[in-house]
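Novice: Sequence and predicted structure, then a few things I'm wondering about:
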Amino acid sequence: MLTKTSTAYERELTFQAVFGDEVDTATILPVFVVALLRAQALVVGDIAAKAMADVLLKRLGFHNVGDWEAALLEEVSQVYSEWSIGEDIHVLDAYAYYGIDYSSSESRSVEEIAEARATNLATLEKMTNLLPLLRLWPDLAEKAENAEADFKRLVAATRSRIALDTGARVPVEGLSVLAGISDSRMRNIAKRSADAVLPVGDDRAVAHDRAKAWLDDQDSFLPTVTSDFGQEDESQEIVDPIFVPVAADGSRFDTTLRRSKGYQVGPKGDETWVDDYRAALAMLARMPVACWRRPSEGSGRHGIVRATHWERVSGSDPLFRE
């Protein structure tokens, strides 16, 4: 269990463990795109909608797909690397729920982090306003309800953390998320009363110093920290340096991905089994966008991921040599 003393590395491991599973806020994105394309079909016809779906699917590695809806819904794990809002949700999940700035150096202040996250939040709020579109179709209605709850929770937690990090009054709606307590318990703590533990003003917010002091006493609260994930230790020499592809969730292509037939690389519909790790790595390097299969942390199902960048590592590390 993470606590306020948990390191950035410990938080990152926990965050990566749930990345891409059902608890991810971004799992609704393929469903949302299906709803958008259905709406487009109502206006411009099925053929035009299918053409747009084919463009999206080709970017995900699919070719000559008949049932475009099923294909889009199949590869949830690729959303972060392919669709821009996927990255916005990714960094907001890390920031709001784990207190991690997942994309900056240690030199950045919490104010700078908060400003960057506010930009991500503005994008998310625009999409939140479009979620009711899913309710036009009965088969998507349940997913729409769950998505709206997930988005509302993420928006509230992000707003409260931004306020906390910038010295502003802290919206009460997201405090329960930051503290790791239920909404019902929060209502007993934060009230519109002068003698409440956390007095709430007309703006539905709590004074910054009161909110911060209270959160500091909560074991589950995770103060904002900057991530050192992927940063090299300049004092440590990299032996036999090589470059390996890294997916949006931070997972790298390494030797733990070997299966009985070897390594499965390439875009969907054009995949290849390669027995040797370095040969597979060389094949990935020749691809326009490196694609490979790896098991999800939750189900263990092997899904395709795409490289967002390449990282220099030590070739002598057992993870990168056989």
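Specialist: Looks like it arrived, so ask away.

Novice: Every contact and neighbour count from this point should use C-alpha atoms.
Specialist: Will do.

Novice: Show me where the stretch 101-250 of the chain has its helices.
Specialist: 110-128, 138-166, 175-179, 183-189, 208-216 (DSSP state H, counting those that start in this stretch).

Novice: of all those, which lies closest to Ile47?
Specialist: helix 138-166 (21.8 Å; Cα to Cα).

Novice: Report the angle between that closest one and helix 110-128.
Specialist: Angle between the axes of helix 138-166 and helix 110-128 is 160 degrees (criterion: axes from the mean of the first three to the mean of the last three Cα atoms, to 10 degrees).

Novice: Pick the most deeply packed of the helices of the stretch 101-250 of the chain.
Specialist: Mean neighbour count (mean count of other Cα atoms under 10 Å) peaks for helix 175-179 among the helices of the stretch 101-250 of the chain, with a mean of 23.

Novice: For that helix, name the packing helices and strands.
Specialist: Using 3 or more Cα pairs under 8 Å, 6 or more residues apart in numbering; DSSP states H and E, the elements in contact with helix 175-179 are helix 84-98, helix 138-166, helix 183-189.

Novice: Show me what the last one is packed against.
Specialist: Put plainly, it is helix 183-189. So helix 183-189, by 3+ Cα pairs under 8 Å, 6+ apart, packs with helix 175-179.

Novice: Can you show me the CA trace of the helix it packs on as PDB?
Specialist: Presented in PDB, the C-alpha positions along helix 175-179 are these (Å, rounded to 0.1, in the frame of the first residue of the first chain):
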ATOM      1  CA  LEU A 175     -10.200  16.100  -1.500                       C
ATOM      2  CA  SER A 176     -11.700  12.600  -0.800                       C
ATOM      3  CA  VAL A 177      -9.800  11.200  -3.700                       C
ATOM      4  CA  LEU A 178      -6.500  12.800  -2.600                       C
ATOM      5  CA  ALA A 179      -7.000  11.600   0.900                       C
END
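
Novice: mean confidence for it?
Specialist: The average pLDDT within helix 175-179 is 95.

Novice: now what about that helix, what contacts it?
Specialist: Residues outside helix 175-179 that contact it (Cα atoms under 8 Å, 6 or more residues apart in numbering) are 96-97, 153, 157, 160-161, 182-183, 186, 215, 218-222.

Novice: any idea how far it is from the chain center?
Specialist: From the chain centre to the centre of helix 175-179 is a distance of 19 Å (Cα atoms, centre = their mean, to the nearest Å).

Novice: Kindly report the same for stretch 191-200.
Specialist: 35 Å.

Novice: That one: end-to-end distance?
Specialist: Using Cα to Cα, to the nearest Å, one end of stretch 191-200 lies 5 Å from the other.

Novice: Then stretch 123-136?
Specialist: 23 Å.

Novice: what's in contact with that stretch?
Specialist: Contact partners of stretch 123-136, identified using Cα under 8 Å, 6+ apart, comprise 32, 35-36, 85, 88-89, 140-141, 143-144, 147-148, 151-152, 155.

Novice: Format the helices and strands packed on helix 175-179 as a markdown table; extra columns: mean pLDDT.
Specialist: Listed next are the helices and strands packed on helix 175-179 as a markdown table, based on pLDDT from 0 to 100:
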| stretch | mean pLDDT |
| --- | --- |
| helix 84-98 | 85 |
| helix 138-166 | 90 |
| helix 183-189 | 93 |
